[in-house]
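In: Sharing a model that was predicted from the sequence below.
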Amino acid sequence: MKYLFKSILFLVCFYSSVCHAQFIGLKPERNVPALVEEAFQNKFPGHDPVWYSKYQGRYNQKLVYEGRFMFDNRYSAAVYDTDGIMVAFAATVELSEIPNAAMQYMEKNFPQRRIMDALLVTDRNNGVTYELGVFIDGELIIKIFNDKGDFVRSTRA
């Protein structure tokens, strides 16, 4: 009976720690630099974003702040560096808004795959790309196209 109680206690503790670990992820950021908030309000007046901070770059060395909000009835995100300079802006798009060349590429190369995510991304140099996400072998793969719909590269989400 003593061993049964200990084993049940162990299983309960193990299960609760596993469940808790699954909910750890991006948490809203409360300490956003004033430069970032001011730059956001200048670009998108009247919008109230939910801020997240994360490290990105080749070796995850660059701290950026991502503000998620609704813009023009679309889910959007504006990414800023710590100096308040906008790094990128992304907004969801409908499949009908994607260039024909990109859709033809997806239909030819992934006929059985459904596009799960479609974004229009504008970088700091006003370069426009379309990012289309498809699940391949249980992993979200992002296919990136230029503004004309020509394939550029693939990346993992």
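Out: Received it, and whenever you're ready, just let me know what you need.

In: Can you pull out the low-pLDDT segments for this protein?
Out: For the chain, the stretches flagged by pLDDT under 70 are 1-26.

In: And the strands in it?
Out: 50-56, 62-71, 74-81, 86-92, 117-123, 128-136, 139-146, 151-156 (DSSP state E).

In: Check these for me and report the most buried one.
Out: Sort the strands of the chain by mean neighbour count, taking mean count of other CB atoms under 10 Å, and strand 74-81 sits at the top with a mean of 19. To be clear about C-beta, it is placed using only N, CA and C from the backbone, and glycine gets the same treatment.

In: now the angle between strand 86-92 and that strand, please.
Out: Angle of strand 74-81 versus strand 86-92, following axes from the mean of the first three to the mean of the last three CA atoms, to 10 degrees, is 170 degrees.

In: Start the count at 55 instead of 1 going forward.
Out: All set: I'll call the first residue 55, so the last point we hit is now strand 128-135.

In: Sheet partners, orientation included, of strand 128-135?
Out: Each strand paired with strand 128-135, and its direction, by DSSP bridges: strand 116-125 (antiparallel), strand 140-146 (antiparallel).

In: Surely Arg207 and Ile198 touch.
Out: Yes: with contacts counted by CB atoms under 8 Å, Arg207 reaches Ile198, the gap being 5.3 Å.

In: ok so, going back, kindly reformat the strands of the chain as a markdown table containing distance to Asn96.
Out: Listed next are the strands of the chain as a markdown table, based on distance: least, CB to CB, whole Å:
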| stretch | distance to Asn96 |
| --- | --- |
| strand 104-110 | 16 |
| strand 116-125 | 13 |
| strand 128-135 | 11 |
| strand 140-146 | 10 |
| strand 171-177 | 16 |
| strand 182-190 | 21 |
| strand 193-200 | 28 |
| strand 205-210 | 30 |
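
In: which ones are touching the nearest residue to Asp102 once chain neighbours are set aside?
Out: Residue nearest to Asp102 in three dimensions, not counting chain neighbours: Phe123, with 6.7 Å by CB to CB, 6 or more residues apart in numbering. Going by CB atoms under 8 Å, 6 or more residues apart in numbering, Phe123 touches 98, 101-104, 130-132.

In: Quickly list what Phe123 is bridged to.
Out: Taking DSSP bridges as the rule, Phe123 bridges to Ser130.

In: ok, it to Asp201 distance?
Out: According to CB to CB, to the nearest Å, Phe123 stands 24 Å off from Asp201.
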